[in-house]
Structures are given as C-alpha cells and as structure tokens.
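> quick one: sequence and predicted model below, then my questions.
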Amino acid sequence: MIEKVRHKGLALAILATAQFMVVLDATIVNVALPAIQKALNFQGDASLQWVITAYALAFGGFLLLGGRLADLYGRRRLFLAGAILFAIASFAGGIAQNPSQLILFRAIQGLGGALLSPAALSLVLTIFKEGPERNKALGVWSMVAAGGGAVGLMLGGLLTQYIDWRWIFFINIPIAIAVVIAGLKYVPASLPRERESVDYLGAITITGSLMSLVFGLAKAAENGWGAAPTIYAFITSAVLMIWFIVNEMRVRHPLIRLGIFRQRNVTGASIVMLLMPAAMFGLFFYLSIFLQQVLGYSPTHTGVANLPFTLTIMVVAATLSRRAASINPKAVLVAGPLLAAIGLLYFARVPVHAHYWTDILPGIVIMASGMAMVFVTATLAATSGVSHKESGLVSGLLTTGQQIGGAIGLAALTVISTAATRNHMPVAADQFASYQAIMADSLVYGFHRGFIAAAGFAVLASIVALLVFKVNTAPALDEQTSGEAQRELAEAAPAANL
C-alpha cells in the first residue's frame, strides 16, 4: 500500500531523474579515467580499473539486498536514503586525494545506487496501474535511463576538459538534493511489510568474495600469480563464496533462492549476462585510454567518439523490443554475442595511428548492435515460463550479473593486457627510439590482447546460449505478462549503457 499520489507525472520525473543520476555516473567516469590516473597517481591499469570495478561490485553485490530492504522498510525511505548516500559519496569522491580514498568512495556510491535503483523502479510499478498507463511510464523510465549513458559520455568530457575531473562527482550533489527535496513532497510513501529476517550475511559474503577475487586478479597483474597477496586473495574469495552458498541453503529468507537455477533459461541468461558485460566494460576502459593517451584526443572529443555506442544500443534495443513477439530468442542470443565478438576483433587490429571513421567507428557500431541484441532478448527468454512471483528475482539476478560480470571481466582483461604490454616493451624498444613511441606501441599491443580475450567472453556466451537455452520461440506477451516483460527491459536499459 502507498499514499495517494497527487502528481503522478512529477513523481515519475523525480524517480527517473534519480535513475538518470545513477546511470550518468556509470559512463561519466570512463571519459575522465586518464585525468584521474594522472591527478591521483594511479600506478598502472590494474590499479585504475578499481575506479570502475569498486562501483560495479558494490552496486551489483547489494542490489538484491536493496530491493529486499525497500519492500520491508518502505520504498520511499530506501529511495531517499540511497540518494543521500550517493550524494555524500559523490562529494567525498570529488575531494579524494589518493587512489585508496577514491576507490572507497566509489564503492559507497555503488551501495547508494543499490539502495536507490530497485526502490525507484518498484515505486514506478506501484504508482502506475498495469496496462497502458504503466507501459507509458516504463517507456519514459527506459528512455531517461538510456539517455543518462549518452549524456554521461558528453558531460564527462566537457567537465574534465573545461573545468576539472572532480566535477564529474560534484555534479551529482545538486541533482541528489533536488531529488530528495522533491521526493519528500511528491513521491508517495509505502507502508513497510511485516518485518522479516534480512539476509545481510548473504550480501556481505557474496560481495566480499567478488571483491577478493578482483583484488587477487589485480595483484596477479602487479606481482604475478604466485605472489602471496594473490594467493591469499583467491583463497579468501573461495572461502567467502562457499560460506555464501551454505548460508543461502540454510537461511529462511535467502538473498538468492538457489533453486531458481534449476530452470535452464534462467541459468543460461545469468551466465550470458555475466559474460557479455565482461567484454563491454573492457571496451569502454581500453577505448577511453587509447583515444586519449595514444591518439591524443581531448576528453570532450573522446566523449563524442564513444557516443555512437549508446545511440546504437538505443536504436537496436527499441527495434527489438517492438518485435519481441515475433523473434526467435535463442537464435538472437546465439547471434548477438558473435556479432559483438566480431566488433571486438575489429578493435584487436587497430593501429597505433588509427583513423576514427575506419578503425574505431565500425567496431563500435558492430559491438553495440550485438550487445543490444543480448540485453533485450535475454530478459525475455529468462522470464519465459517463470511465475509472476519469481520474475522479480530473475530480473534482479540479471541486473546483478551485468554489474558483477563487468567488474570481474575488466579485472581479468587488465591482467592479460598489462602482462602483454610489459612483455612487449623490450620488443618495442628494439623498433623505436623514443620512450613515447615505445609506450604507445606496447599499450596498443596490450589492448589488442585484451580485445581478443573480450571477444573470447562473447564467443563463450554464444556457446552457452546454444547449449543451455531451450526456448525456441518468443513468449506471447499477453496483458498480464506484458508489464513484467517491460519491467525487465526497463531494468536492462541502464546497464546497457555502462
């Protein structure tokens, strides 16, 4: 139950603005990475990637918990708490003086987003009645969320180049303040449910396990696979993961009901949505560094250069969602990752002195088209045959998987590219006289290996879709299920722009 809504349009605008802020922060940072690396003296890509992965791991690790808390303690309460925490972490990130501080505050930002995002979407679904009214609201929600990715690329470049990179964090503060003030007045409060146990231990152990895994990968890039910190991190990750699984099997109200994975389509979609963002996070990370440090693009120019990725995602996703009832999901889920792999392999041959229109843009469009095919179709295939009660858990799993997969994938690709760059430097030293030329050639060589590995993730996703998915025809979206299907698409849209 919620309070009577006086202005549904204003409530939707406030909720969509908050989601816009969360998505904006995911892409706005990518363009500023080289400036952040220089200002705070990050030592190599293995350290710099934590600016992205800390946010993604905290967001993904606590997303299901955030949705659970919103249901139990009130959706508006969690929505406002998430917005306030996000603003505080943004301010702290903007004044960070060293890498450790920034990484910590990025993780707290992710936690704020994990509280805010599911509560906001739940409020949209409760404010607007199922049918045309809700469908229109979800259309606005998805459009605003997708637009956040595009604006983030542009705004990140403008703020970094003409003001200071710290403003990519400060820009969140006035948005969050406006959201909180307006939310108190126009967003209806929901009555909390009868108090039930909350699986805090599950959220802590799964997030700790994933962070330890990424930390181990980062240490492997810096110190080698046999180094003590690397081994200890992997052991810690394994212990926490076992603890998480045992806890989920024993606790009364688990964070993730493990029995859901007996359904092949849910398992297949979860794996695919882990693998594909693993490739996509690497693309944005490497491409931003390549454009600025190798080609000499300005931050603004870099934002514009990345813009076709988001625009292609929006166009392809909109086209597929309109034809959801007539497509073969399994065929699309096999073909989409292969198309993304082709785009990544196109980047794996990019020269040091690349031309944007021939060496960069085609790969962006091909990669984005494949990613959009996966994001739109996997949610529909995963929820085919799933009960109304379980659809929320499935959508949460897919959204969580996108964040976690991207974070782990970026860490793994960083190990590969860093090792390749380091090993290639003696070869480049024999070919070039200047240090700048040696570094550029070595970086690009490392990026090539990273893109090839990312393409491997995409190919593996295609194989999983071929072998695991059993759905061969799209589910009919009747009046009862169309709202749930559109909810999945609404949730998938923000992640597609990371």
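Nice, I can see it.

> shaky segments in the protein?
For the chain, applying pLDDT under 70 flags the ranges 1-5, 135, 145-146, 191-196, 324-325, 383-392, 471-498.

> look up how far residue 113 lies from the residue nearest the centre of it.
Taking CA atoms, centre = their mean as the criterion, residue 403 is the residue nearest the geometric centre of the chain, at 4.1 Å. Using CB to CB, to the nearest Å, residue 403 is found at 9 Å from residue 113. In this view, the C-beta of every residue, glycine as well, is placed from N, C-alpha and C.

> quick one: common contacting residues for the two?
residue 59 (CB atoms under 8 Å, 6 or more residues apart in numbering).

> who are the packing partners of the helix ranked longest in the chain?
Assignment by DSSP state H gives helix 388-431 as the longest helix of the chain. If you count contacts as 3 or more CB pairs under 8 Å, 6 or more residues apart in numbering; DSSP states H and E, helix 388-431 packs onto helix 45-48, helix 50-73, helix 200-223, helix 264-289, helix 361-383, helix 435-468, helix 479-495.

> and the next helix or strand after the fourth one, how far from the chain's centre?
In the C-terminal direction, the helix or strand that comes right after helix 264-289 (DSSP states H and E) is helix 299-322. Its chain's C-alpha centre lies 15 Å from the corresponding centre of helix 299-322 when counted by CA atoms, centre = their mean, to the nearest Å.

> in terms of residue numbering, what are the domains of the chain?
Per automatic domain parsing, the domain ranges recorded for the chain read 1-190, 199-252, 258-498.

> make TSV from the helices and strands packed on helix 388-431 and add distance to residue 355 and mean neighbour count to it.
Shown next, in TSV, are these (distance: least, CB to CB, whole Å; neighbours: other CB atoms under 10 Å):
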stretch	distance to residue 355	mean neighbour count
helix 45-48	24	22
helix 50-73	27	25
helix 200-223	31	21
helix 264-289	15	25
helix 361-383	9	25
helix 435-468	14	21
helix 479-495	31	21
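
> got JSON lines for those helices, with distance to residue 333 too?
What follows is the helices and strands packed on helix 388-431, written out as JSON lines (distance: least, CB to CB, whole Å):
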{"stretch": "helix 45-48", "distance to residue 333": "31"}
{"stretch": "helix 50-73", "distance to residue 333": "21"}
{"stretch": "helix 200-223", "distance to residue 333": "25"}
{"stretch": "helix 264-289", "distance to residue 333": "6"}
{"stretch": "helix 361-383", "distance to residue 333": "6"}
{"stretch": "helix 435-468", "distance to residue 333": "4"}
{"stretch": "helix 479-495", "distance to residue 333": "13"}
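
> quick revisit: isn't the residue nearest to the centre of the chain up against residue 53?
No. In this structure, residue 403 is not within contact of residue 53 by CB atoms under 8 Å, at 9.6 Å.

> so how far is residue 11 from residue 184?
12 Å.

> who has more neighbours, those two?
The neighbour count for residue 184 versus residue 11, taken as other CB atoms under 10 Å, is higher for residue 11 (23 against 12).

> residues in contact with the more buried one?
Counted by CB under 8 Å, 6+ apart, residue 11 has contacts 5, 123, 127, 186-188.

> so which of these comes closest to residue 448?
The nearest member of the contacts of residue 11 to residue 448, counting by CB to CB, is residue 123 at 45.4 Å.

> give me the neighbour count for that closest one.
So residue 123, with other CB under 10 Å, has 27 neighbours.

> the residue nearest to it when sequence neighbours are not counted and residue 188: what is the separation?
Nearest residue to residue 123, sequence neighbours excluded (CB to CB, 6 or more residues apart in numbering): residue 75, at 5.0 Å. Residue 75 sits 9 Å away from residue 188 when distances are taken as CB to CB.

> which of the two has more neighbours?
residue 75 (30 against 18).

> what sits closest to residue 333 if chain neighbours are left out?
Closest to residue 333 by CB to CB, 6+ apart is residue 465, at 3.9 Å.

> the one you found touches residue 329, doesn't it?
No. If you go by CB under 8 Å, residue 465 and residue 329 don't touch, sitting 9.0 Å apart.

> which of the residues in stretch 420-437 are buried?
Buried residues in stretch 420-437, counting neighbours by 16 or more other CB atoms under 10 Å, are found at 420-421, 424, 428.

> how long is stretch 375-394 from one end to the other?
End-to-end distance of stretch 375-394 (CA to CA, to the nearest Å): 14 Å.

> ignore the last one, stretch 90-100
First-to-last residue span, stretch 90-100, CA to CA: 15 Å.

> quick one: distance of that stretch to the chain centre.
Using CA atoms, centre = their mean, the offset of stretch 90-100 from its chain centre is 21 Å.

> who's in contact with that stretch?
25, 40-42, 47, 50, 101-102, 105-106, 108-109, 166-170, 172-173, 176.

> can you report how many residues lie near residue 40?
19.

> now swap in residue 355 and tell me
The number of residues packed near residue 355 is 11, by other CB under 10 Å.

> distance check, it against residue 361.
9 Å.

> could you do residue 370 as well?
Using CB to CB, one gets 15 Å for the distance from residue 370 to residue 361.

> likewise residue 75?
Taken as CB to CB, the span from residue 75 to residue 361 is 42 Å.

> one more: residue 374?
Residue 374 is 21 Å from residue 361, by CB to CB.

> again with residue 169
Using CB to CB, residue 169 is found at 30 Å from residue 361.

> count of neighbours near residue 95?
12.

> now residue 263
Residue 263 has 17 neighbours, counted by other CB under 10 Å.

> could you pull up phi and psi at it?
Note on residue 263: its backbone torsions stand at phi -80, psi 120 [degrees, to the nearest 10].

> for residue 225, same thing?
Here is the backbone geometry of residue 225 (degrees, to the nearest 10): phi -70, psi -30.

> what about it, how many residues nearby?
14.

> nearest spatial neighbour of residue 159, chain-adjacent residues omitted?
Closest to residue 159 by CB to CB, 6+ apart is residue 167, at 4.3 Å.

> in which helix or strand does the closest residue to residue 86 other than its chain neighbours reside?
Spatially, and ignoring its direct neighbours in sequence, residue 86 is nearest to residue 112 (3.4 Å; CB to CB, 6+ apart). Assigned by DSSP H and E, residue 112 belongs to helix 99-127.

> what comes up buried for that helix?
Buried residues in helix 99-127 (16+ other CB under 10 Å): 99, 102-125, 127.

> now it: how far from the chain's centre is it?
Using CA atoms, centre = their mean, the offset of helix 99-127 from its chain centre is 12 Å.

> any idea how far the longest helix of the chain is from the chain center?
Between the centre of helix 388-431 and the centre of its chain there are 11 Å (CA atoms, centre = their mean).

> that one to helix 50-73, inter-axis angle?
Put simply, helix 388-431 runs at 170 degrees to helix 50-73, going by axes from the mean of the first three to the mean of the last three CA atoms, to 10 degrees.

> relative to helix 361-383, how tilted is helix 388-431?
Here helix 388-431 runs at an angle of 150 degrees relative to helix 361-383 (the same axes, to 10 degrees).

> on that earlier part again, excluding chain neighbours, what is closest to the residue nearest to the centre of the chain?
residue 60 is the one closest to residue 403 (CB to CB, 6+ apart), at 2.9 Å.

> contacting residues around that neighbour?
110, 114, 210, 399-404, 407 are the contacts of residue 60 under CB under 8 Å, 6+ apart.

> check residue 39 too.
By CB under 8 Å, 6+ apart, the contact list for residue 39 reads residue 165.

> count the neighbours of residue 185 for me.
11.

> what helices and strands are in contact with the one helix or strand it maps to?
Element membership of residue 185 [criterion: DSSP H and E] is helix 172-186. Counting contacts by 3+ CB pairs under 8 Å, 6+ apart, helix 172-186 packs against helix 8-40, helix 75-94.

> nice, that's everything, thank you.
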